[in-house]
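Visitor: fold the following for me, if possible:
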Amino acid sequence: SSTNERTFISTLLPFSGVGNSLPLILAKYQNANFAACFLANIISLNFDFVAKQKVGGVNLNFFIIEQFPVLPPNAYTFTSISYIAPRVLELTYTAYDMKPFAEDMWKDALTLPSPTGRGFKLPSPTGGRAGDEGGRLSPALLQRCRELRKNATVAETILWAVLRDRQLADLKFRRQHPSQGYILDFYCHEKQIAIELDGGGHAEPEQARHDEERTRILNEQGIRVIRFWNNEVLNNLEGVVAEILATIEESNTGESNLSTLQLAIIRQWEANQGQACDLAGIGTESPLPITPFKWDEERRALLRAELDAYYAKLYGLTRDELRYILDPKEVYGEDFPGETFRVLKDKEIRLYGEYRTRRLVLEAWDRLEGVDIKGPETRAQEVVTFAPPAETMQPETTASVAAPAKPTRDDKPAPIKKETFQPIEESPAQPSFSDFGLYECLSCGKRVMGFDQGKHIREVHAGKGVEWKKIR
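Guide: Model (predicted):
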């Protein structure tokens, strides 16, 4: 329908009967968290952009669905699943009808099947390499981490002397550790605690807002953030160490018994509810410890935008390609003849005074900058990418080349080349594929329909030309 915001509208249903006009996809994944990733894939804007090109009317046949670019299971890493699955759970588990699915996700959060069918354990906070939660990192981000370690502040040097070599609570800390696109001053992977030291510049309102947003994002990933001023370390080191130890003690209330993905689910619920979850006595084999998520329209819009941006990266898109999918006129000017999500755009402008989805998706993309989220097992040939028409899209050469400047309204899109096609003259001797006339082969006397002449020539006369007589 022209009034729908999306072309391919999908959801997750509790066990129930449906009418014959509602197609069902029964996922065969052994793990509910892969099913969550599949759902996130097919509800993303990137996926729907392709669906708009494939679906010609209001009827969606299964042979069309089979052509859609669904990412294979081996496109997902531990990091990807830990990012996607908790967000999908918040979007779907909003009533007790969906509790069986939530329970499956909780139980399956301990073990995920590999793409080859063999199972493997998710890393827990007490195991695995520090830094596994961050995915593959860009060379520029790694170089920045090295520079920050070489040019540490006085406060960082003093605190590092206390944290290094497992001197504090026998825990391993890393300094200038990259995670979620940020660089953390100090990080303990075992307890998922980040320590940030701030100078006077962090008191500025704009920087303070940035710090709050950064802390929120890290908290949603299960990372606790402790912030100190530099002068606190310089003048009250004992007090700083005492507060760090108190935070470590708080983390010893059952979290170490949960897998990384289970902790991510807990953090997602805490962010939604605005309160801490009591984990006393909760372990990996415990029943689902959370109630349904609150329905919060603002959060849901943000979560969907974060998933859209994440899948754009999984598909290998650039920021400009994502901008094109969201609104090609914003990229190439109002005169550009194409459109993508016009119904969604017009509706949001009426409701919010802006194209809210576009803003939220691009902001989520920018927060993901610096992290290469595709794992080493991702196969390039299995990931479908798509781009605007070549006549108007600036080609991207290498990752080091700066993104093209935003076109001004004076810039005109490249004209669409109009081609003229000369009609093909048909003769009775060589009819077209739409010819339903009856013909007699003058070489063998067999009569065939016009659209079957080519097949007859190949199979009976080995491709040699023959003459035909039209019967009717």
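Visitor: list the buried residues in the longest helix along the chain.
Guide: Identified as the longest helix of the chain according to DSSP state H is helix 297-314. Using 16 or more other CB atoms under 10 Å as the test for burial, helix 297-314 gives 299-300, 303-314. In short, each C-beta sits where N, CA and C put it, glycine included.
Visitor: now the residues you listed as JSON lines including distance to Leu237 and pLDDT?
Guide: Formatted as JSON lines, those follow (distance: CB to CB, whole Å; pLDDT from 0 to 100):
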{"residue": "Arg299", "distance to Leu237": "39", "pLDDT": "94"}
{"residue": "Arg300", "distance to Leu237": "44", "pLDDT": "95"}
{"residue": "Leu303", "distance to Leu237": "40", "pLDDT": "95"}
{"residue": "Arg304", "distance to Leu237": "45", "pLDDT": "95"}
{"residue": "Ala305", "distance to Leu237": "42", "pLDDT": "95"}
{"residue": "Glu306", "distance to Leu237": "38", "pLDDT": "95"}
{"residue": "Leu307", "distance to Leu237": "43", "pLDDT": "95"}
{"residue": "Asp308", "distance to Leu237": "45", "pLDDT": "95"}
{"residue": "Ala309", "distance to Leu237": "41", "pLDDT": "94"}
{"residue": "Tyr310", "distance to Leu237": "40", "pLDDT": "95"}
{"residue": "Tyr311", "distance to Leu237": "45", "pLDDT": "95"}
{"residue": "Ala312", "distance to Leu237": "45", "pLDDT": "94"}
{"residue": "Lys313", "distance to Leu237": "41", "pLDDT": "93"}
{"residue": "Leu314", "distance to Leu237": "44", "pLDDT": "92"}
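Visitor: what's in contact with the longest helix of the chain?
Guide: Around helix 297-314, the neighbours that count as contacts under CB atoms under 8 Å, 6 or more residues apart in numbering are 40-41, 43-47, 71, 75, 80, 83-84, 87-88, 90-91, 272, 321-322, 325, 356-357, 360-365, 367-368, 373-374, 383.
Visitor: show the subsequent helix or strand relative to it.
Guide: helix 319-326 (DSSP states H and E).
Visitor: pull that next one out as PDB, backbone CA atoms only.
Guide: Extracted C-alpha coordinates of helix 319-326, given in PDB (Å, rounded to 0.1, in the frame of the first residue of the first chain):
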ATOM      1  CA  ARG A 319      27.900   6.900   5.100                       C
ATOM      2  CA  ASP A 320      27.000   8.500   1.800                       C
ATOM      3  CA  GLU A 321      25.300   5.300   0.600                       C
ATOM      4  CA  LEU A 322      23.300   5.200   3.900                       C
ATOM      5  CA  ARG A 323      22.400   8.900   3.400                       C
ATOM      6  CA  TYR A 324      21.100   8.000  -0.100                       C
ATOM      7  CA  ILE A 325      19.000   5.100   1.200                       C
ATOM      8  CA  LEU A 326      17.400   7.400   3.800                       C
END
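Visitor: which strands and helices sit next to the helix or strand just after that helix?
Guide: Note on helix 319-326: by DSSP H and E, the next helix or strand toward the C-terminus is helix 328-332. Helix 328-332 sits against helix 319-326, with contacts defined as 3 or more CB pairs under 8 Å, 6 or more residues apart in numbering; DSSP states H and E.
Visitor: now do the buried residues in the helix it packs on.
Guide: Those buried within helix 319-326 under the rule 16+ other CB under 10 Å are 320-326.
Visitor: tally of neighbours for Lys233?
Guide: If you look again at residue 233, you'll see it is Val, not Lys. Neighbourhood size, Val233 [other CB atoms under 10 Å]: 22.
Visitor: next one: Asn31
Guide: A count of neighbours around Asn31, defined by other CB under 10 Å, yields 21.
Visitor: thinking it is in contact with Leu110, fair?
Guide: No: at 10.0 Å, Asn31 does not count as touching Leu110 under the criterion of CB atoms under 8 Å.
Visitor: Tyr439 - that's part of a strand, no?
Guide: Yes: under DSSP: H, G, I helix; E, B strand; the rest coil, Tyr439 falls within a strand.
Visitor: for it, list each beta-bridge partner.
Guide: Counting by DSSP bridges, Tyr439 is bridged to Val448, Lys470.
Visitor: return the residues in contact with it.
Guide: Shown in contact with Tyr439 (CB under 8 Å, 6+ apart): 431, 447-450, 453, 468-471.
Visitor: now with 6 Å?
Guide: Tyr439 is in contact with 450, 468, 470, counting by CB atoms under 6 Å, 6 or more residues apart in numbering.
Visitor: quick check: the gap between it and His461.
Guide: 14 Å (CB to CB, to the nearest Å).
Visitor: tell me how far the closest residue to Glu363 other than its chain neighbours lies from Glu250.
Guide: In space, and not counting its chain neighbours, Glu363 is closest to Ala305: 7.4 Å by CB to CB, 6 or more residues apart in numbering. According to CB to CB, Ala305 and Glu250 sit 32 Å apart.
Visitor: and what of His456?
Guide: 82 Å.
Visitor: between these two, who's got more neighbours?
Guide: Between His456 and Glu250, counting by other CB under 10 Å, His456 is the more crowded of the two (19 against 13).
Visitor: quick check: pLDDT value at the closest residue to the more buried one other than its chain neighbours.
Guide: Spatial nearest neighbour of His456, chain neighbours left out: Val448 (4.9 Å); criterion: CB to CB, 6+ apart. Per-residue pLDDT puts Val448 at 80.
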